[in-house]
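Chemist: model this:
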Amino acid sequence: MALFDKTTEDKKTLRKLTPKESALATRLLSRPRITEKSYALNAANKYVFEVTKTSTKKSVKRAVEEVYGVNVTAVNIVRLPAKKRVSGQKRTVGFKGAVKKAIVTVVQGQTIELFKAGM
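Modeler: Model prediction:
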């Protein structure tokens, strides 16, 4: 039976991307977030970036693919709230700004060279 000999699996082909400068990326990606937790996520092909408050998952995915030349499989976005901080002898109250960060998952076998240096 010829029907059962064929496999129905779709093999996803990865697009070959080349890193390049992008106006979109400069607008959306503020900087990489370099912490102990982000370096622990690097082992699972996940990279953490601080992004602007108006950025979306699709725009972050496109920006990272353009700038770093890697294929992105998933993007998770987290909004960290502003926190109250007290400083000085007069106990002055101030606020630490709110941050939006994106956790970008890259295809197995690809890496972003920026995070290679280690802590």
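
Chemist: in what helix or strand does the most centrally placed residue in the chain lie?
Modeler: Centroid check for the chain by CA atoms, centre = their mean gives V104 as the closest residue, at 3.1 Å. According to DSSP states H and E, V104 maps onto strand 99-106.

Chemist: That strand - what's its average pLDDT?
Modeler: For strand 99-106, the mean per-residue pLDDT is 94.

Chemist: Please list all residues in contact with T92.
Modeler: V86 (CB atoms under 8 Å, 6 or more residues apart in numbering). C-beta here means a position set from N, CA and C on the backbone, and glycine is covered the same way.

Chemist: contacts for the helix or strand hosting R62?
Modeler: R62 belongs to helix 57-68 when assigned by DSSP H and E. For helix 57-68, contacts defined as CB under 8 Å, 6+ apart pick out 17, 19-22, 24-25, 28-29, 47, 49, 51, 55, 70-72, 75-77, 102, 104, 112-114.

Chemist: Repeat that for stretch 98-110.
Modeler: Contacts with stretch 98-110, where a contact means CB under 8 Å, 6+ apart, come from 14, 33, 41, 44-53, 55, 57, 60-61, 64, 70-82, 112.

Chemist: next one: stretch 41-51
Modeler: By CB under 8 Å, 6+ apart, the residues outside stretch 41-51 that reach it are 28-33, 35, 37-38, 60, 64, 77, 99-108, 110-112, 115.

Chemist: Pull out the buried members of these.
Modeler: Burial by neighbour count, 16 or more other CB atoms under 10 Å: within the contacts of stretch 41-51 this picks out 28-30, 33, 38, 60, 64, 100-106, 112.
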